[in-house]
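S.K.: coords please:
(one chain, ligands or ions: 1)
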Amino acid sequence: MSESTLILIKPGGVQRNLIGTVLSRFEQRGLRIVALKRLLADRATVEAHYDEHRERAFFQDVCDYLCTGPIVAAVITGDNAVKAVRAMMGATNPIEATPGTIRGDFGLTIDDNLTHSSSDPEAALREIALWFPEGVAER
Ligand code: CMP
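M.R.: Numbers count the residues shown, from 1 in each chain. Predicted structure coming up:
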């Protein structure tokens, strides 16, 4: 079933010129990039994005980090896109991520784990609306 998910390329990935490398993997897999922007995230949007983690010890640090430099937000669409993209990212902690995944190939620490992707279809709808309030043309 075709569905959409939200991905972020975090400041470290943008700084390391990995935008094309990361996005090309989705296209090679047969998924489509239906919305894409590079931006300096504002703190309120980042806090809303990570709201489920508000009580976690790392909440302030991860929000600070997302605001340290430009990020890329994209909507990725295709069959089983949420699960497919999660699997392609690999484990949240890059040191536990399998080689061949994005984090397993390009990351080393959980604080700079390169990318984010929506955890489930409900989160995807919420995160897409948050980062693309102008809407997404899916055709
Ligand atoms: P992400 O998928 O963007 O979701 C929450 C982020 O918090 C996570 O990736 C990591 O970058 C960061 N983080 C830092 N410490 C932890 C932790 N102990 N568990 C989960 N996420 C963490």
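S.K.: and the helix or strand containing Arg103, what other elements does it pack with?
M.R.: Element membership for Arg103 (DSSP states H and E) is helix 102-106. Judged by 3 or more CB pairs under 8 Å, 6 or more residues apart in numbering; DSSP states H and E, helix 102-106 is in contact with helix 19-29, helix 81-89. For glycine as for every other residue, the C-beta is placed from the backbone atoms N, C-alpha and C.
S.K.: Flag every buried residue along the last one.
M.R.: Think helix 81-89. Using 16 or more other CB atoms under 10 Å as the test for burial, helix 81-89 gives 81-82, 84-86, 88-89.
S.K.: Give me the number of neighbouring residues for the closest residue to Leu36 other than its chain neighbours.
M.R.: Spatial nearest neighbour of Leu36, chain neighbours left out: Ala74 (4.7 Å); criterion: CB to CB, 6 or more residues apart in numbering. Ala74 has 25 neighbours, counted by other CB atoms under 10 Å.
S.K.: Repeat that for Phe26.
M.R.: 23.
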